[in-house]
Structure formats: structure tokens, C-alpha cells
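> Prediction below, plus the sequence it came from.
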Amino acid sequence: MTGGPRTDQLMSLADGRRGLVGVIAEIGAAQTGPSAVNAEELERRLLEMGFVEGARVEILHEGFIGRDPICVRLDDMRVALRRREARGVILRVERGA
Amino acid sequence: MTAAVTASPSPNLAPPHPAGAALRVALVGNPNAGKTALFNALTGARQKVANYAGVTVERKEGQVLAADGRRMVILDLPGTYSLRARSPDEVVTRDAVLGRLAGEVPPDVVICVADATNLRLVLRLALELKAVGRPAVLALNMIDIAERQGLEINTDRLSAELGMPVIGTVATRRRGIAELVSAVEDRARDGGANLGEHGWTEPSAAEIRALHREAERILKACVRPPKRPDTWTGRLDDVLLHPVAGVLILLAVLFLMFQAVFTGAKPVMDLITAGFDLLSGAVAHALPDGLLKSLICQGIIAGVGQVVVFLPQILILFLFIILLEDVGYMARAAFLLDRIMGGAGLHGRAFIPLLSSFACAIPGIMATRVIDNRRDRLTTILVAPLMTCSARIPVYTLIISTFIPPRTVLGGLSLQGLVFFSLYALGMVSALAVAWVVRKVFWRSAAEPFLMELPSYKVPDPVNVLRSVAQRGQIFLQRAGTTILSMMILIWFLCTIPGKPAGAAGPAIDYSFAGHIGHLIEPVLAPIGFSWQMSVALIPGMAAREVAVGALGTVYAVSGGEEATNLLGASLAHQWSLASALAFLAWYVFAPQCASTLGVVKRETNSWRWPIIMFGYMTAMAYAAAFIVYRTAVALGAG
């Protein structure tokens, strides 16, 4: 990823790299592959974990295989999630990685 | 063995206050909020662990006497982020709060337990509880850490906003406990529940957003952010979640744990075995020969010994697990291992149960408790016995040292060691393969989202850790122990009754039910190269895998203890073909030759369904593997 995302650009948390900082612009219902839960349920789970519009997110760590899962700072909490679940979290970039 | 669902007053407690029945209180809170510590602080040793009727969720209940002498029954509900239940554990929490849980008296008061340093999500839960209409009290636990960080919480304002009393507590130092109890009493006195419980519906995404906004507003109004925020968690995570250093540290932790379970428990286990042998010998000396002596010595004493001998491994393993959990490292380990275990369709946390199963499947299966999702947990339980446990070692050693020549191959590798290693690898690979098949074929499209809070690191409280470890030991002895003991006595019965007629030839076991069963199943086992002696030895071998060695000694009428192993080897070398020996090894990689494992699966899943499935699939795999090995070996001229 040369150059990386620009400030104010919208992007999915799933595509972010370590160091990315952004504010959640939208929690959408998007995921890839089969899952035990449907998209609407995933959206509610993300919301319940604190992934809500306006929350500040920073990618702190990436897993050692395929950079997955990721660990993010979410406001003042730390949350781990897989990139497939992060697909629906749309950020407005504050600081690219 | 379903649960005791109602409280029975314990004899060593004061009788209930005459003024009324016991007050029923439920603890609700986010995971990692210190709910268990608060439960321990409230109830002390007066706890009872059981299962909720019909589900595998653990039910913890304790008692506390209020200042006015009224008895309070405290129920520790599973941790949750919302009343919208997503797992069997959370269903229990929701239904208990709503008063819908079958067989449970609805709580009079709910204590919402919060980590004072991490209020955002729990405030939304508190708002949900408020909406349900059940009287509630908010306990701001770990308030000392909040104070140290310079976090300012306006409790009066918070209480007014939430419409419930707010009490700061430090569970580990019993701070605020008396105040909490009296707040609960006041709350109960104020009046009963004003429930809209029939009106409760799952909140939609929009409603969750609205509740979250409200929680956010309250948070801003009542809490001033910390002046000295915790920086240790971030600094530790930089190392512990590092792609290289983090993985190396994890491997070191797991290695240490494995070593402790595998070798650390050994001296104590030997001591227990020796103790029970001594006891058995003493009793045998005192009793006249006969069936009673055999029942007491070989049935009961040996059976109890067979249960107690697992205790050291279970205690050591759970000491590690509970420490890692309380420190906050368990979630990090799951993060690091998620991708590896996910490849086989398993949860990241499945690693610890599976690793422990190398020592013994019993503590391994008990350790699957760390996995929340039911299907992930059941899959892990089903494959855990395929990991090569230490009880297989005597069987492998006997057969390998007898039948595999002590040659070196491939430039210096010991052939015996290579076979030994292959058996381990075969077990491991098949465990992952079975898990993969279960998750990709039977429970398809069931990949649970991996979405997990990584809690701040904390120094564990030794009293709470030891209490939890002791509780695991007690649960094992009480629940799994009774099942295992009855199976041991059943096996003794099969191997002893009917007795050998006077003057008859051959070993006594040949005349027993086990002997008859062995002869009966011999035609079935003949295609995999098992003689009737081998078939008979499988029955007592059900008691524990290593017992098979002694059982073979019995059927081949080789007397003596462990010194006789060499003698037995010589005898086997005479009687078995190489093909049969290899088939026997292949059988032991897969066969569920362990009644205790089946007993503990019964206990952990709360039904006979899963042990039966386990027995079925493992026996089928064992038969298939032994068949392939035997036929191949015969075709190659080893028959």
C-alpha cells in the first residue's frame, strides 16, 4: 500500500494497517464468507462492543499470520476482532498508517 | 445429575429471618468487571456450584447475612454486554433478570457490577436493566484503581441519572461490601419489581445506538477522564502482542504450563498411587480372601485412587488458567492463536485445552470452559482425547520396545523413537482433522464472530485465585468423580464375576463377563488382527489406558508388577505377529479406552449424548486405523 490512506478519506477498518487512526463514520452491515450470524446481528454486536458512529479507533496490533486478527483502541478500551468482522466498520481517516 | 435449582439452606448457617423469606439477589455485569471477586467478597466460602437445569451453564449461588439478620441468596450470573443474549450463558443471564428462567425464583434486586475504570459499555447495560424495571444497584468495583488513576466519578449525579444507588467497592479488600448489602436491603424495602418484562423485546440496531448515546451523555456528565491513565497495559501489549516477541513469550508460557502439568504433577500422582496401593494392601491383609476383599481392594479403593490421581494435574492446570485469565493474558493468547486454530475451525482459546490433553484429556476437557461458544466448545471436547495423553505411554512403550527393533534409520534416528513420534503426530493431526470435519461438514457456516475485549492487565488476587482453583478440584471430585468411580466398579464387576471355578485352568478373567464379552467380540476384532486375549484385555483397559498393560499381563498369566513388563514383552513377542502389534498401536491412538474421559464429558456437557458420540466416532476411527495397518502389514509379509 504505497502512500497509504489520506486524511479525511473514508475506508473500511478491515483494510487498515497498524497505526491507522480514524473516527467511525458508519457501522454498516457488511461481511464476507459464511458466518453463524447474519449481517444485522453482526452490526448489533459491533454496536454493543462500542463500535458506534463517532467513536475513535486506532489499530494497535496485527496478528502474525496474514495480519489478522487486529487489536484496536476503541475510545478508551481495547478490542480484538477479525478483519472479516471489521469489514462493516467505516472510518474517516485522521492519520494514515 | 441436573442441578439443584432452588436454594436449600445450609445447616451451618443461621436460620432465615422470621420476618420473611430470603432476599434473592442476582449479580450482572460485563466480563472482566471483577464480578466473581465481588461474589466471593459477598458470600465468602458459603457457595454452591451446580448447573442450570438442562443446560451446561454453571450456576453459582452463595449466601450472605444482612445487618438485620435477613438472609440473602446471591446468584452470580454469567458476564454479558447486554440482555440481548448471544450464547447459552447469556441466555441464562437474560432470562434470570427477566424472571423467565425455568426453575429459578426471580431476583428481588439486581446488582450491576461495573469496572469503575471502564464504564462506557456497562452504563448501557445498566440502562437496559433499568428499562426492565427490576430494582437495581450499581457497584463501581475496583474503585481504588480508578482513584489511583485520578478518575473522578460523580456518584450522586450518576445515581440520579441511572435511577439506582451507586456504591464504590473494592471486592478484593472487602471495601464497600457492607454498604452494598445495605443498599440492596433498602432497595428491596422500597418496593418490588415494576416489570415490563412481557414487554421486553430485543433492541434493534437503532435502539442500541440510542442507548449508547444516552450512556455516552451520562458518562460525559458524571466522569472526568483519568489524570494518570493506565499506561502499563499499552506497554505490555507492545511486547506481548508483538508478532515475534509476543509469539515467543506465548510459546514459553504454554511450554511452562505443559511442563508443570506433565512433570510437576508426577511426584504427587506417584505418591497418591503409592498411598492407595498401600491402603489396598493393608485392607487386603485384614480381610479374608473372597469377593468382598476383591470388591473393596480392586473395585472401590482402586477406583477412588483412579479418581484422586487426576487431581494434581487438574489443580495445576487450573492454577495456570485462572492466573492467566485474571491477569488478562488469556484474551491475548486467544488473539495470537486465533488464526492457527481458526484454520481447523477451532477457537483461539481451544489451544489450552488441547495442549493440556497431552498430559491427560480429563483436565483438558474441563479446561474447555474457557471457550464461550457452545459449538466451539463441543468440538474441542470431542477432539481432545485424540491428543496423545500420558496414559498411552506405557502401552506404546511396551509394544514398541517388544516389536520395533532398536535400529537407527535415516542417518542416526532411532526407529523406536520415530515410531513413538509418529504416534504422537498421528493423534495431533487427526484431532485437527476431526475438528475441521466437524466445523466444515456438520456445523457449516457457523463461524462465530471473533470480537473480544482485551481487558487491562491486573495483578491477580491470590485469595480469589486459590478459591477458584479449589472450586475446580471440588467440582471434579464431586461430579466427575462419582461417575468415574461407578464406571470403575462396573469394570471391576465385569472382570471378576463370575469367579473362576475351583480347579479350572487358565486366568480367572477368562471365566468372567469380561472374558465372555472378549470372546463375543473376537470375531468382530479378528479382521484387525486381534486375538481373543487382546479382545479380553480391552475390557479392563477401559478403566484407564495404562491398565491395558496389566490386563495383558493378566490374560497371558504373567504375574508380578512393573518388573514383569519385560517378561510380558517376551511373552507377547511369542504370541503376536508384528501386524497384530502395529494394529494394536493404531487402535490405541484412536480408541476411547478410558471410562474417566467419557465420565468427564458427561459431566461437562450435562448429557450422555456427547460421550456416546465420542465413543462411537473414536471406536470407528480406531477400527478403521487398525484394519488399514493390519491389512497393509499382512500384505507386506508381517502377518
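In hand now; what should we look at?
> Which element is encountered next along the chain beyond the longest helix along chain A?
Longest helix in chain A, counting residues (DSSP state H): helix A:39-48. Downstream of helix A:39-48, the first helix or strand assigned by DSSP states H and E is strand A:56-65.
> quick one: the strands in the stretch 1-150 of chain B?
Using DSSP state E, counting those that start in this stretch, the strands of the stretch 1-150 of chain B run over B:23-29, B:47-51, B:58-65, B:71-76, B:109-115, B:136-141.
> what are the pairing partners of the first one, and which direction each?
It stands for strand B:23-29. Strand pairing for strand B:23-29, determined by DSSP bridges: strand B:71-76 (parallel), strand B:109-115 (parallel).
> And those strands: which comes nearest B:Ile322?
Counting by CB to CB, B:Ile322 lies closest to strand B:71-76 out of the strands paired with strand B:23-29; the figure is 15.3 Å. Just so you know, the C-beta spots here come from the backbone N, C-alpha and C atoms, and that holds for glycine as well.
> re the thing from before, including mean neighbour count, could the strands paired with strand B:23-29 go into CSV?
Shown next, in CSV, are the strands paired with strand B:23-29 (neighbours: other CB atoms under 10 Å in any protein chain shown):
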stretch, mean neighbour count
strand B:71-76, 23
strand B:109-115, 28
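> can you put these in CSV and add mean pLDDT?
Formatted as CSV, those follow (pLDDT from 0 to 100):
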stretch, mean pLDDT
strand B:71-76, 94
strand B:109-115, 96
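> Turn the ones you listed into a markdown table, columns for distance to B:Leu83.
Formatted as a markdown table, the strands paired with strand B:23-29 follow (distance: least, CB to CB, whole Å):
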| stretch | distance to B:Leu83 |
| --- | --- |
| strand B:71-76 | 16 |
| strand B:109-115 | 11 |
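> I'd like to know which of these is closest to B:Leu311.
Evaluated over these, closeness to B:Leu311 peaks at strand B:71-76, with 24.5 Å, by CB to CB.
> quick one: the closest one to strand B:47-51, angle?
For strand B:71-76 against strand B:47-51, the angle by axes from the mean of the first three to the mean of the last three CA atoms, to 10 degrees is 50 degrees.
> just to revisit the earlier point, hmm, who's touching the longest helix of chain A?
With CB atoms under 8 Å, 6 or more residues apart in numbering or on different chains as the test, helix A:39-48 has contacts from A:27-31, A:35, A:37, A:85, A:88-89, B:81-82, B:84, B:86, B:121, B:124, B:203-205, B:208-209, B:212, B:449, B:451.
> Please spell out the ChimeraX selection for the buried subset of these.
Buried residues among the contacts of helix A:39-48 (16 or more other CB atoms under 10 Å in any protein chain shown), as a ChimeraX selection:
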select /A:27,30,31,35,37,85,88,89 /B:81,82,84,86,121,124,203,205,208,209,212,449,451
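> can you tell me which of the contacts of helix A:39-48 are in helices?
The helices, defined by DSSP H, take in A:Glu85, B:Leu121, B:Arg124, B:Ala205, B:Ile208, B:Arg209, B:His212 from these.
> Verify the stated contact: B:Ala543 with B:Leu490.
No - using CB atoms under 8 Å as the test, B:Ala543 is too far from B:Leu490 to be in contact (9.6 Å).
> remind me which residues of the stretch 1-150 of chain B are low pLDDT?
Judged by pLDDT under 70, the stretch 1-150 of chain B has its weakly predicted residues at B:1-20, B:54-56.
> redo that, cut-off 90
When residues are selected by pLDDT under 90, those of the stretch 1-150 of chain B lie in B:1-22, B:31-32, B:44-59, B:65-70, B:78, B:84-92, B:99-105, B:132-134.
> Write out the residues of it neighbouring chain A.
B:Tyr81, B:Ser82, B:Arg84, B:Arg86, B:Asn118, B:Arg120, B:Leu121, B:Arg124 (CB under 8 Å from any CB of the partner chain).
> between those residues, which is nearest B:Ala581?
B:Arg86 (50.6 Å).
> excluding its backbone neighbours, what's nearest the closest one?
The shortest distance from B:Arg86 to any non-neighbouring residue, by CB to CB, 6 or more residues apart in numbering or on different chains, is to A:Arg45 (7.0 Å).
> how about the closest residue in space to B:Ala33 that isn't next to it in sequence, what does it touch?
In space, and not counting its chain neighbours, B:Ala33 is closest to B:Asp115: 4.3 Å by CB to CB, 6+ apart. When contacts are counted by CB under 8 Å, 6+ apart, B:Asp115 touches B:Asn30, B:Asn32, B:Ala33, B:Gly34, B:Val122, B:Asn141, B:Met142.
> Tell me what B:Asp115 is bridged to.
In beta-bridge terms (that is, DSSP bridges), B:Asp115 pairs with B:Asn141.
> For the strands of the stretch 1-150 of chain B, give me TSV that also has distance to B:Ser535.
Below are the strands of the stretch 1-150 of chain B laid out as TSV (distance: least, CB to CB, whole Å):
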stretch	distance to B:Ser535
strand B:23-29	54
strand B:47-51	37
strand B:58-65	40
strand B:71-76	49
strand B:109-115	57
strand B:136-141	59
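> thinking again about what came up before, can you say which of the contacts of B:Asp115 are buried?
Among the contacts of B:Asp115, those scoring as buried are B:Asn30, B:Asn32, B:Ala33, B:Gly34, B:Val122, B:Asn141, B:Met142 (criterion: 16+ other CB under 10 Å).
> List just the nearest of the residues you listed to B:Phe351.
Nearest to B:Phe351, judged by CB to CB, of the buried ones among the contacts of B:Asp115 is B:Asn32 at 20.0 Å.
> Centroid-nearest residue for chain A?
Chain A has A:Leu13 as the residue nearest its centroid, 2.9 Å off, counting by CA atoms, centre = their mean.
> For chain B, see how far away it is.
Per CB to the nearest CB, to the nearest Å, A:Leu13 is found 12 Å from chain B.
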